[in-house]
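>>> sequence first, then the predicted structure, then my questions.
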Amino acid sequence: MDILGALLLKPFADIGGSPLFFLEVVIGGVLTGVMYSLVALGFVLIFKASGVFNFAQGVMVLFSALTLVGLMELGVPIWLALIATILVMIALAFAIERLVLRPLVNQAEITLFMATIGLTFFLEGFGELLWGANVKKLDIGIPDRSFDVGGILVNEFELFAAGIAALLVAVLAVLFQRTKIGRALRAVADDHQAALSVGISLTSIWVIVWAVAGIVALVAGVMWGGKSGVQFSLSLIALKSLPVLILGGLTSVPGAIVGGLVIGVGEKIAEVYWGPYIGGAIENWFAYMIAVAFLLFRPQGLFGERIIERV
Amino acid sequence: MFYRESGHFRTTYRADQAIFPIVQDRWSVAAIAVVAVVAVPWIANEYWLQAILIPTVIFALAAIGLNILTGYAGQLSLGTGGFMAVGAYATYKLTTFLPEINILVMILVSGFFAAAVGILFGIPSLRIKGFYLAVATLAAQFFLVWIFNRVPWFYNYTSNGMITAPPRTLFGVALTGPHASAEVRYLVCLAFLIVFAYLAKNLVRSATGRSWMAIRDMDVAAEIIGIRPLRTKLLAFAISSYYCGVAGALYMFMYLQSVETLAFDVNVSFLVLFMIIIGGLGSIMGSIIGAAFIVLMPILLTNVPRLLSVQIPVELAKHGEQMIFGGLIIFFLIVEPLGLTRLWQIAKEKLRLWPFPH
């Protein structure tokens, strides 16, 4: 009875007891959620355009952040380092397309998935070989401090991250909806064969999409790295963004964003209010449980394509 | 010339339905089994047994389990590590609770716990497939590892949170614990592998196996010809998890002997998935080859520079190894996306025509 009370009543009493604190938790969750969304966004872009479930997205975040920090440690000014890192990510996209995707064209999805896991190992080794494996501090000049808005503590850095993420999404939306490349991208996402037959080059689209995903990874890497230092554990946030994906749907950009927010908030609330009663450190699996529970009732996710796949 | 199908006349249905219809196959598999059971423990030294053969055999068992689920029934799973942990912890709890019952019985029983957990986490497979399912099974992985880490009851309230294999014997021979010799542990694992591989091989060519493959190839069509997806999929989850559970118990009791939950983290799931993809999806033989390949590769990568007597800085060796491992996986996928077992089949086809190919 005690445990039931602790799980079912106590947390709600806590929430009711201090609504301001609850709001603070929610805002904290939203801001973490934005970061999850950024990583999930990279997955979605690649999955939409090439049908590849890119497990290496997380390590791309790490790799881009490592490159940026590594260059800055060599004394390169930040704007130059940013540009150089973007160029590196574009070169990486070329290399991946040429060496991994093209030879594996027409293979089963799971084969490509495994190839990206192989890529994960490779990039992890490569990045740490180049730049060293110790934790690096990434200082991008935004203070990590909290300020008071009507009694609620808000973290300045996370607010800034949310702003950047919103900007990035806006830019991507314009890219997708208003430009010729965007039209080609959407055509490829819709139907590979039809896109090929109207003369869209599949390979160049793949390069573009991997490069864009690389740049999104860089943004995510700068945000996470600025918050908690650039280190190996950055590549693990990819695992945290997977439930975001199944919640939002593998092919939906808005889904990735809303999914990220839902997971971020849900996780934070669960950790703060329920965590203490069941032993803590539940954030490792709680997001997955939300996603699985959700999928049992709505298999296509929040915004996923409504392919009716009754089995 | 020697390897051929012609000239074997089968006069009974039994002979017609043999697992290895070609005589040479039958003999070579039997020979491999005999060598593995009799000769290997004689020849191999402690290092070989402990570092290579025991993990290979155990992972082969886990890979067969995952292959049943992913290769035959088409349900992608990343929860292998979690299911292995269930087997290990169930065996540990059972054998400390009832020490008088033989450990081998307990390992077999613990598989049923893993199967039950597998069914539970297989339920989402009824509504989702492909990558969505893969991610959903990650929930099993994280949740199970977390619960074994957080609930002290599972590790009998030991202060360091580790579970250690208690000494257990069979007919006076130490099977587990500090006095168990590597040879004995190897033979126990091998016995499990041989029996379970034989069962799996028969299972996948039975009506059950055919219904799994039907579900894998097209679930709607399978349902129309009268296969019940619910039963078939959950059965695949149950049997696969049973295999993984037994493999997990062996992994803990026969190989590591003292583990914490870290030994069953998500990397184990990926490793086993690697094994079946490199080895060959939908092939029992492939699971074994894949396991051997993945276990051997890192050992080769560390030992090759030593054999060539090249000095490599530790840092470089560690990351370089990781890079080569990733690169080799991509390479193998490109060269032979159907797995190493496909190479084996090609070799057999060539051998059939040898020495007069056209």
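Happy to help now that I have it. Numbering: from 1, shown residues only, chains lettered A, B, ... in the order given.
>>> close to chain A, is stretch B:333-340?
Yes. Applying Cβ under 8 Å from any Cβ of the partner chain, one finds stretch B:333-340 touching chain A at B:333-334, B:337. Any C-beta I mention is one placed from the backbone N, CA and C, and that applies to glycine too.
>>> would you map out the domains in chain A?
For chain A, the structural domains run A:51-230, A:236-311, going by automatic domain parsing.
>>> what residues does the stretch 51-200 of chain B put near chain A?
Checking the stretch 51-200 of chain B against chain A by Cβ under 8 Å from any Cβ, the hits are B:70, B:76, B:123-124, B:126-132, B:134-136, B:138-139, B:142-143, B:146, B:150-151.
>>> of these, grab the buried ones for PyMOL.
In PyMOL, this line selects whichever of those come out buried by 16 or more other Cβ atoms under 10 Å in any protein chain shown:
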select buried, chain B and resi 70+76+124+126+127+128+129+130+131+132+134+135+136+138+139+142+143+146
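>>> can you list the residues of the stretch 1-150 of chain A near chain B?
Near chain B, when you scan the stretch 1-150 of chain A using Cβ under 8 Å from any Cβ, you find A:53, A:99-100, A:103-104, A:107-111, A:113-115, A:117-126, A:128-129, A:132-133.
>>> redo that, cut-off 7 Å
Residues of the stretch 1-150 of chain A lying close to chain B by Cβ under 7 Å from any Cβ of the partner chain are A:53, A:100, A:103-104, A:107, A:109-111, A:114-115, A:117-122, A:124-126, A:128-129.
>>> filter those to the buried ones?
For the residues of the stretch 1-150 of chain A next to chain B, buried by 16+ other Cβ under 10 Å: A:53, A:100, A:104, A:107, A:110-111, A:114-115, A:117-122, A:124-126, A:128-129.
>>> these in helices, which ones?
Using DSSP state H, A:110-111, A:114-115, A:117-122, A:124-126, A:128-129 are the members of those that sit in helices.
>>> burial count for A:Ala91?
Neighbour count of A:Ala91, defined by other Cβ atoms under 10 Å in any protein chain shown: 12.
>>> gap between it and A:Arg98?
11 Å (Cβ to Cβ, to the nearest Å).
>>> ditto for A:Leu159
Remark: distance between A:Leu159 and A:Arg98 (Cβ to Cβ) = 40 Å.
>>> does stretch B:232-244 reach chain A?
No. Stretch B:232-244 lies out of reach of chain A by Cβ under 7 Å from any Cβ, never closer than 8.1 Å.
>>> chain center to stretch A:236-243: distance?
Taking Cα atoms, centre = their mean, to the nearest Å, the mean C-alpha location of stretch A:236-243 is offset from the chain mean by 7 Å.
>>> and that stretch, C-alpha only, in PDB?
The C-alpha trace of stretch A:236-243 is given here as PDB (Å, rounded to 0.1, in the frame of the first residue of the first chain):
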ATOM      1  CA  LEU A 236      25.100   8.300 -26.100                       C
ATOM      2  CA  ILE A 237      22.500  11.000 -26.400                       C
ATOM      3  CA  ALA A 238      21.700   9.400 -29.700                       C
ATOM      4  CA  LEU A 239      20.300   6.500 -27.600                       C
ATOM      5  CA  LYS A 240      18.200   9.100 -25.800                       C
ATOM      6  CA  SER A 241      16.800  10.500 -28.900                       C
ATOM      7  CA  LEU A 242      15.600   7.200 -30.300                       C
ATOM      8  CA  PRO A 243      12.400   7.200 -28.200                       C
END
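>>> buried set for that stretch?
By neighbour count on 16+ other Cβ under 10 Å, the buried set for stretch A:236-243 is A:237-243.
>>> can you list which of the residues you listed are found in helices?
Using DSSP H, the buried residues of stretch A:236-243 in helices are A:237-243.
>>> between those residues, which is closest to chain B?
The closest of those to chain B turns out to be A:Leu242 (Cβ to the nearest Cβ; 4.7 Å).
>>> contacts only, for the nearest residue to the closest one once chain neighbours are set aside.
Computed as Cβ to Cβ, 6 or more residues apart in numbering or on different chains, the closest residue to A:Leu242 that is not its neighbour in sequence is B:Val135, at 4.7 Å. Counting by Cβ atoms under 7 Å, 6 or more residues apart in numbering or on different chains, B:Val135 touches A:242-243, A:245-246.
>>> out of those residues, flag the one nearest to A:Val25.
A:Pro243 (19.2 Å; Cβ to Cβ).
>>> need the pLDDT of that closest one.
Looking at A:Pro243, its pLDDT reads 83.
>>> same question, B:Gly87
On the pLDDT scale, B:Gly87 gets 91.
>>> touching, it and B:Tyr243? I think so.
No. Applying Cβ atoms under 7 Å, one finds B:Gly87 not in contact with B:Tyr243, separated by 9.2 Å.
>>> hang on, the earlier thing: any idea which of the buried residues of stretch A:236-243 is closest to A:Trp274?
If you rank the buried residues of stretch A:236-243 by distance to A:Trp274 using Cβ to Cβ, A:Pro243 comes first, at 16.9 Å.
>>> I'd like to know how many residues surround residue 213.
Using chain A here. Using other Cβ under 10 Å, A:Ala213 has 26 other residues around it.
>>> chain B, not that one
Residues near B:Met213, counting by other Cβ under 10 Å: 17.
>>> helix or strand: which one has it?
In this structure, B:Met213 sits in helix B:207-217 according to DSSP states H and E.
>>> got the CA positions of the next helix or strand after that helix in CSV?
Helices and strands here follow DSSP H and E; after helix B:207-217, the next one along the chain is helix B:219-224. C-alpha atoms of helix B:219-224 as CSV (Å, rounded to 0.1, in the frame of the first residue of the first chain):
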residue,chain,number,x,y,z
ASP,B,219,2.6,-10.9,-42.5
VAL,B,220,-0.7,-10.2,-44.2
ALA,B,221,-0.3,-13.2,-46.6
ALA,B,222,0.7,-15.4,-43.7
GLU,B,223,-2.4,-14.4,-41.8
ILE,B,224,-4.5,-15.2,-44.8
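>>> got the angle for the helix or strand that helix B:219-224 is followed by vs helix B:207-217?
With elements assigned by DSSP H and E, the helix or strand that comes after helix B:219-224 is helix B:229-250. Relative orientation of helix B:229-250 versus helix B:207-217 (axes from the mean of the first three to the mean of the last three Cα atoms, to 10 degrees): 110 degrees.
>>> buried ones in helix B:229-250?
B:229, B:232-250.
>>> in the stretch 1-150 of chain B, which spans are helices?
Remark: helices assigned in the stretch 1-150 of chain B by DSSP state H, counting those that start in this stretch are B:13-16, B:23-34, B:40-43, B:46-47, B:54-66, B:80-97, B:103-122, B:130-150.
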